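J.: Quick one, what's the 3D model for this:
(chains A and B)
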Amino acid sequence: QSVLTQPPSASGTPGQRVTISCSGGSSNIGSNSVNWYQQLPGTAPKLLIYSSNQRPSGVPDRFSGSKSGTSASLAISGLQSEDEADYYCAAWDESLNGHVVFGGGTKLTVL
Amino acid sequence: QLQLQESGPGLVKPSETLSLTCTVSGGSISSSRYYWGWIRQPPGKGLEWIGTIFYSGKTYYNPSLKSRVTISVDTSKNQFSLKLSSVTAADTAVYYCATERAGYSYNDYWGQGTLVTVSS
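T.: Purely as a prediction, here's the structure:
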């Protein structure tokens, strides 16, 4: 059972906009920013969004992040087949001397 | 551009200690910009944060693993290491080393990962 809650799956057709939610609590998302990672099959995770809504250099602006209260969302617009991957949210948790917590991951399927 | 590379045994016996090293190139492990972390992923499952270390030796650990985990840094070799004691089959996973941006907690550079299997 992950500390951050994500839907296990999401899907969309090419060109659509999809959102993936991430729900936490006051000690993690409620107090700190959220980071998102994309993991393509058989590869290491890649940082997609940091500080809740910032994109690293090279990440297309089709990807955006937002945070409100104890929840966060990742939005992907203009869905492409290469976006089919697992997506994870993560945040610093202030409890128990501090540690990072991850969501369980969402498998995105492009239909 | 930082590059990280994990190394260590791919097979560990139950009850023994898993030991991995991450070698950093393209930058100094003594940089104040980064913590240096370990994250694992059991086959077919999600990511689990193990812990992180600053070059000064300051560490943070996953509370669920804290009693078994030690992360250390060797600035002379530009390496940091993970030791996980008393392993069981549940510790079988791909282990990643990664940078963790100081003050922000995000991982921007990752190693390719190394599969460690716990089996007799």
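J.: What residue, apart from its backbone neighbours, is nearest the spatially most central residue of chain B spatially?
T.: By CA atoms, centre = their mean, the mean C-alpha position of chain B lies nearest to residue B:38, the distance being 2.7 Å. Ranked by CB to CB, 6 or more residues apart in numbering or on different chains and with sequence neighbours excluded, the top spatial neighbour of residue B:38 is residue B:50, at 4.1 Å. Yep, even glycine has a C-beta here, placed from its N, CA and C like the rest.
J.: what about that neighbour, how many neighbours?
T.: Number of residues near residue B:50 (other CB atoms under 10 Å in any protein chain shown) recorded here: 24.
J.: gap between the two ends of stretch B:13-33?
T.: By CA to CA, to the nearest Å, the extent of stretch B:13-33 from end to end equals 37 Å.
J.: what's the single longest strand in chain A?
T.: Taking DSSP state E as the criterion, chain A has its longest strand at strand A:85-93.
J.: partners of the helix or strand just after that one in the sheet?
T.: Proceeding N to C from strand A:85-93, the next assigned helix or strand is strand A:99-102, under DSSP states H and E. Sheet pairing of strand A:99-102 (DSSP bridges) gives strand A:85-93 (antiparallel).
J.: can you list the residues of chain A near chain B?
T.: Residues of chain A found near chain B (CB under 8 Å from any CB of the partner chain) are A:2, A:32-33, A:35, A:37, A:39, A:44-47, A:50-51, A:56, A:86, A:88, A:90-92, A:96-105.
J.: redo that, cut-off 7 Å
T.: A:2, A:35, A:44-45, A:47, A:50-51, A:56, A:88, A:92, A:96-100, A:102, A:104-105 (CB under 7 Å from any CB of the partner chain).
J.: Selection in PyMOL covering whichever of those residues are buried, please.
T.: The PyMOL selection below is limited to those of the residues of chain A next to chain B classed as buried (16 or more other CB atoms under 10 Å in any protein chain shown):
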select buried, chain A and resi 2+35+44+45+47+50+51+88+92+99+100+102+104+105
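J.: Validate this expectation: residue B:19 resides in a helix.
T.: No - read with DSSP: H, G, I helix; E, B strand; the rest coil, residue B:19 is strand and lies in no helix.
J.: right, and it touches residue B:8 too?
T.: Yes - assessed by CB atoms under 7 Å, residue B:19 is found in contact with residue B:8 at 5.7 Å.
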